[in-house]
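Chemist: I'd like to go over a predicted model; first the sequence, then the structure.
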Amino acid sequence: MFSPNTSSWFISKVIWWRAAASIAWSVLLLLPTTAVFITLSKFSFLHPIQTISECLSLLMSASSVFSFILLSGVVIMVGFLILEYFTVIPTIACSKIALLGQLLHPRQVISSLAHCLMGMVVGWCCAVTVGQRYETLGYPGKSSDGQPQMYLNEYHLVFLLAGAFVGFSHSLLGVIHNMNYVCFQTVQQYKYLHFKGSLPLVLKCSTIQAFYSVRNFIIVYFFLGYIPKTWICKTLNLHLDSSVHPLDSISGLVDLSLLYHLWINASFLLFTWYITLLLFRIFVTEVYSFPVQSTFTDDSHLCLPKVLADKQPMISKFLALQDLSLLSKHSPLRRSEVFSLSQPGGHPHNWNTVSKECLALLADLTQRLVAYHETVATNGRAKSLSSGSERKSSSETSVTSGTEDLMSPRPTFLMRTPASVFTRSVAGGPHSPLTAPFTPDLDSPFASPVLRRLTAQVDQCSPWHGSVQSPHIMRRVPKLWSTSTESQVSSSSPPSPASVPSPKQEPAKPSFLGQFLQNRKEQVKMFMAKRVLIMYLFNKLPEASSQALFADSQAHIWALEALSYLVQASFTEDQFGVVQTTLPSILSSMLHLQEAVDRHFKLPHASSKPLRSTNSMEEFTYKTLRFALRATLKTAIYRITTTFGNHLNAVQMSAEHRKRLQQFLEFKE
Amino acid sequence: MCSLALFPPPLPAGQSTLCESNNELLSGANSSDDRQDSSLLSLYFPRESLKLHSRTESSSKAAFLDHSETLWMRSAAAWRDGGFTGLLNEITTSHAEVPKWLSVTSGCILALLRWVSSFHGSLYPHVTLSSEDLIAEFSQVLNWPDCVVRAFAWHPHADKFAVALLDDSIKIYNPQSAISPTLKHRLQRNVAAVQWKPLCASGLAVACQNCLLVWNVDPCSLSTRPSSGCAQVLSHPGHSPVTSIAWSPSGSLLVSASPLDTAMMVWDVAVESCVPLQRVGGGGVTFLSWSPAGSHILASTPSALFRVWETRMWTCERWPCVKGRCQSGCWSPDGSRLLFAVQGEMVIYALTFSGSPGVPTSMAKGPQTAVVVADLSETTFNSPDGDIIVGGEIQSLSWDPRGERLAVLLKGDPQAANRPAIIAVFKTRANPIFELLPCGFVQGEPGAEPRLMQFHPHFQHGALLTVCWSSGKITHIPFYFLSSGVSHVGLSGSPPKLQPQERPADFANQSLFTELLS
């Protein structure tokens, strides 16, 4: 059925079924939701009994059955879109322009259009269900000269457009708030209890979001409403009834009943979609128990060590890590399987694979942090230097930002992170582009002569021929240059080409045309940098690079937990001493990571406390993962040190690490 | 079955308990001020030394309120201070300035609200109490409002402790360092409980009146007054006052409880997010205790009901009590046995949980009923100074981390002179069968009654009970014994006079409770 070497067995066997179950549940839940919606939309205080009987008869009618089928189709479609677009590693846009790039990505545009269309379908269903004046698009009437004519029912049109607008804005907000990111719960609960606990939140979010969406829609319709109206009239050959107030006017829009119905519709739409999303998240992140080892070799690809070692798909790797961390905490039976030896040969294959995979994850994060720190540290130094002159030179406020987005960190897993749309092409150089603005490009043979000439003549032009893209850096050219020359003089490095242009570099001088183009380019950039909009787009979002760095840290958190709990359990449960062989490397990689994380949190722009999360459907977890990682790391090291105590002195490790470990042993960290 | 009758009689006046050695409690006269090895840590906080708030905010409000403000200003202020009811109250009382229909309407709504809340209050009487009264009612500390030391916590790994005082400050003492940092925060008011984060050197959670604070006190810092920036503020609407907190033994999660909130909050402190675990019934959560093995949590409610949560999938078992609410409880070190006391009853109950931590509760069959293990009904001891009556209701229970000593703080009667609050200590053993034997009473100086007690989490030579007295003193009473369990490994240097514990023959028939192996 499934070939054993494909890694997609997990998707087809587990994720699909989970998604199907979640969609089925959301379709089932649609029935009570629709009933409540109908009751709310038809409710009148004066005739409560009549309302109920009306609602009951409406629920039985054929038209409502048809719209219910349509709505189910919409929910199924939404479910499929969620399944298609979900991710366990959030994509974090480091600047506004990157966010724009995400929004305009063809994949995303398709999703937005689909949501728009489905919103319109929901709007139609609502209009039909509410009935009364909203029911049809056209109604017959008599024209002034007595001929029968079809008139446009603007209320119906408003319903359709509102549905489309809410659907579209839902999809846009989904991108901005990373709604397709599926986060894993720290507190495991049964699905029903989890759902029950989140239901009030979903209700609150959908009503509030519906309120804002309707407000925005009314504003848009007030200004641009005439376009769809005339278009519909033209294509369907309908006429505007001049005796009725047009709705894109103030008097037409101040209609409480219309506003209420619009709001109820939007809430209904968002509620059903949020429920689908919530159910999907709950079902997909449910713990999946992988077998640690199997008796048959055919099933070996289903086992935990094998799944852990697979790079793709991410969801199975994450679920495997979650299962590993849970088994290391809770089940002695499965732990003993991890510590067991292979039957012929007596090798601890399970433990080796598991520990190797976890250590690789930790090493990867450490490396990433160190690389980030190196690039930022040079930047930070230059920043402090230039800040002095900055105060003198007035007018610039947002200077220190923006340089980092040249090198927005990307987790290795994540291939699609749009760092910054324009930086991509250039960031591939061997030396970090970040250092470029602050130290003259010594590698480039022709940089300095040009540089000197340019600084002499047009002090506005940038010296570094396109190695920097972010235009607002250009604004501080003069200051930066002065500081860097100062530093050069003070350091007085002998081969400094700026002070002594060697003659053999002369032939490499670019042609006049090239220089001219270069100057033009810089001038264009300077011009752009002065525009507020460009500045706004390219400005770096605060903390985004830090968030992006830790975007997949949930995996590291589980790896740390799993390793520390397994090591703790090995103190009493590991009969063959398989853990002892890897204990030094576990400790050293944890201490390395601890060092890197400590340094990262000491960076000036890394805030030390998490932001308070507001209650909404968007997942805030990814913004705080780095704090969770820091706490988990410390706890993991303490877990090992408190378990082993002074026995750790017998473990081989470097003197520096021993010192650090001693602090942990004395509870001084 | 009167357990206290088998106890050795209380000490005569002028004597206080010093330690347990050679299987008996030693006492000394009060004049001799030399304590045992822990004299460094014995502290004294005289009441006069603390700067107290002379007046609470609510009482001074009426005196300073400017009545010349406009109605709008007053309404806004009332909305801010008292919420919706405050606003209605303001509108109703200033009927001269508002239209008649408005004041009448708001008066009607107010009356309706009061009627509903009185109905709610008749179901759950505690909701009518003020925050301070709530904390006093549900705190583990005896007579909390009057206590100089309001909360106390030993660090689970290092030799240091935190003391919360009456003036809303927290002091941290460490015998190895001369610096004792004082923690103060704007929101740190009416501290009901403090607890150190396990597997961490610096985290200290504080249950305050309106929020939870988690301090991060760097142990290497030389500062005596850490800034309030070191504290994380955790709050959730409707979740106040916080009367009890519990860290998970693995150090990752923190649960908090409020008597006015039916949801128990599970905090992920590092990211400051919480998951409310809501269950209907009970009217709130008052006391939490996480089992040392980490698999269960005891959560008692203000009504005659408590819950035992299982921490893997966070489901709970309901345990209705007959008489009153569960006042206190403690877990055996392996997390398999829960002892608890019920308000209005003078007995200690036990529940046994057989399941290993990994097995879900549906598989592991929990206990069916609780068993009475000790009867602490009032007993009269004759002494030369007159009769002393000991026994009665239980304020709090504490079990030492090895599971060999159980301390029970008895409420006594503050009005009657001969019925003092007292700590009764039992010897317990879990293997091979659960047994409870009398050990003795712990008494302090004359006039000082015990308010709060806690066992040291890793005392090498046995158990160390720290008691906070009403006089503001904190003393430590060591119980020297050799553990009967297997963990002789940690006992490297035992005191010279210590001898292996041999149970005297007469104790065999004095055993208070023995589990029957059926």
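Modeler: That came through fine.
Chemist: of all the residues in the stretch 551-669 of chain A, which ones are close to chain B?
Modeler: A:609-610, A:612-613, A:620-621, A:624-625, A:627-628, A:630-632, A:634-635, A:638-639, A:642, A:666-669 (C-beta under 8 Å from any C-beta of the partner chain). Quick note: C-beta positions are derived from backbone N, CA and C, even for glycine.
Chemist: what about 7 Å?
Modeler: A:609-610, A:612-613, A:624, A:627-628, A:630-631, A:634-635, A:638-639, A:642, A:667-669 (C-beta under 7 Å from any C-beta of the partner chain).
Chemist: Kindly report the same for chain A.
Modeler: So far as C-beta under 7 Å from any C-beta goes, chain A lies against chain B at A:186-190, A:197, A:330-332, A:609-610, A:612-613, A:624, A:627-628, A:630-631, A:634-635, A:638-639, A:642, A:667-669.
Chemist: Lowest-scoring secondary structure element of the chain by mean pLDDT?
Modeler: Because you didn't say which chain, this covers chain A. helix A:477-491 (a mean of 37; mean pLDDT, DSSP states H and E).
Chemist: You answered for a different chain; I wanted chain B.
Modeler: Between all helices and strands in chain B, the lowest mean by mean pLDDT, DSSP H and E belongs to helix B:505-508, at a mean of 41.
Chemist: What's the separation between residue B:225 and residue B:180?
Modeler: 11 Å (C-beta to C-beta, to the nearest Å).
Chemist: Then residue A:325?
Modeler: 38 Å.
Chemist: neighbour-wise, which of the two wins?
Modeler: Using other C-beta atoms under 10 Å in any protein chain shown as the criterion, residue A:325 and residue B:180 rank with residue A:325 on top: 22 against 13.
Chemist: what's downstream of the helix or strand that that one is a member of, the next helix or strand?
Modeler: Element membership for residue A:325, per DSSP states H and E: helix A:314-330. Later in the chain than helix A:314-330, the nearest helix or strand by DSSP H and E is helix A:332-339.
Chemist: Sticking with residue A:117, tell me its helix or strand.
Modeler: Going by DSSP H and E, residue A:117 is in helix A:106-130.
Chemist: elements contacting that helix?
Modeler: helix A:62-85, helix A:154-176, helix A:256-284 (3 or more C-beta pairs under 7 Å, 6 or more residues apart in numbering or on different chains; DSSP states H and E).
Chemist: Just put these in TSV and tack on mean neighbour count and mean pLDDT.
Modeler: Output for these, formatted as TSV (neighbours: other C-beta atoms under 10 Å in any protein chain shown; pLDDT from 0 to 100):
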stretch	mean neighbour count	mean pLDDT
helix A:62-85	18	93
helix A:154-176	23	93
helix A:256-284	22	94
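Chemist: okay, the ones you listed in TSV with distance to residue A:588 next?
Modeler: Output for those, formatted as TSV (distance: least, C-beta to C-beta, whole Å):
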stretch	distance to residue A:588
helix A:62-85	40
helix A:154-176	41
helix A:256-284	35
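Chemist: what stretches of the chain score poorly on pLDDT?
Modeler: Picking chain A for this. Counting by pLDDT under 70, the ranges of chain A that qualify are A:1-7, A:379-510, A:605-608, A:612-619.
Chemist: ah, no, chain B please
Modeler: B:1-2, B:30-41, B:51-68, B:355-367, B:484-512, B:515-518.
Chemist: quick one on the thing from earlier: name the next helix or strand downstream of the least confident helix or strand of chain A, please.
Modeler: helix A:512-529.
Chemist: Could I get the phi/psi values of residue B:178?
Modeler: phi -80, psi -10 (degrees, to the nearest 10).
Chemist: For chain A, see how far away it is.
Modeler: Using C-beta to the nearest C-beta, to the nearest Å, residue B:178 is found at 16 Å from chain A.
Chemist: residues near that residue, how many?
Modeler: Quick note: residue B:178 (other C-beta under 10 Å) scores 8 neighbours.
Chemist: Please apply the same query to residue B:116.
Modeler: Other residues near residue B:116 come to 10 when the count uses other C-beta under 10 Å.
Chemist: Pretty sure it sits in a helix.
Modeler: Yes: read with DSSP: H, G, I helix; E, B strand; the rest coil, residue B:116 is one of the residues of a helix.
Chemist: So it versus residue B:123, what's the distance?
Modeler: Applying C-beta to C-beta, the value for residue B:116 to residue B:123 is 11 Å.
Chemist: do the same with residue B:174
Modeler: For residue B:174 relative to residue B:123 (C-beta to C-beta), the value is 47 Å.
Chemist: between the two, who's got more neighbours?
Modeler: residue B:174 (16 against 10).
Chemist: was I right about that one contacting residue B:160?
Modeler: Yes: the criterion here is C-beta atoms under 7 Å, and residue B:174 meets it with residue B:160 at 4.0 Å.
Chemist: Just give the nearest non-adjacent residue to residue B:5, would you?
Modeler: Among residues not flanking residue B:5 along the chain, residue B:379 sits closest, at 5.1 Å (C-beta to C-beta, 6 or more residues apart in numbering or on different chains).
Chemist: List the residues that contact that neighbour.
Modeler: Counting by C-beta atoms under 7 Å, 6 or more residues apart in numbering or on different chains, residue B:379 touches B:2, B:4, B:5, B:390, B:391.
Chemist: Can you get me a residue count around the second one?
Modeler: The reference is to residue B:4. With other C-beta under 10 Å as criterion, residue B:4 counts 25.
Chemist: what's the distance between the nearest residue to it once chain neighbours are set aside and residue B:11?
Modeler: The shortest distance from residue B:4 to any non-neighbouring residue, by C-beta to C-beta, 6+ apart, is to residue B:379 (4.1 Å). Distance, residue B:379 to residue B:11, using C-beta to C-beta: 15 Å.
Chemist: and if you look at residue B:368?
Modeler: 41 Å.
Chemist: Just want to know which of those two has more residues nearby.
Modeler: Remark: of residue B:368 and residue B:11, residue B:11 carries more neighbours, 19 against 6, as counted by other C-beta under 10 Å.
Chemist: Report whether that one is found in a helix, as I expect.
Modeler: No: counting by three-state DSSP, residue B:11 falls outside a helix, being coil.
Chemist: Tell me where the stretch 251-400 of chain B has strands.
Modeler: B:254-257, B:263-268, B:273-278, B:287-290, B:296-300, B:305-310, B:315-320, B:326-331, B:337-342, B:347-352, B:371-375, B:379-381, B:388-390, B:394-399 (DSSP state E, counting those that start in this stretch).
Chemist: and residue B:47, what does it touch?
Modeler: Contacts of residue B:47 (C-beta under 7 Å, 6+ apart): B:148, B:472.
Chemist: Enumerate the beta-bridge partners assigned to the closest residue to residue B:154 other than its chain neighbours.
Modeler: Leaving aside its sequence neighbours, residue B:154 sits nearest to residue B:161 (C-beta to C-beta, 6+ apart; 4.7 Å). On the basis of DSSP bridges, residue B:161 is bridged to residue B:154, residue B:173.
Chemist: Residue B:149 is in contact with residue B:161, correct?
Modeler: No: Residue B:161 is beyond contact range of residue B:149, at 10.9 Å (criterion: C-beta under 7 Å).
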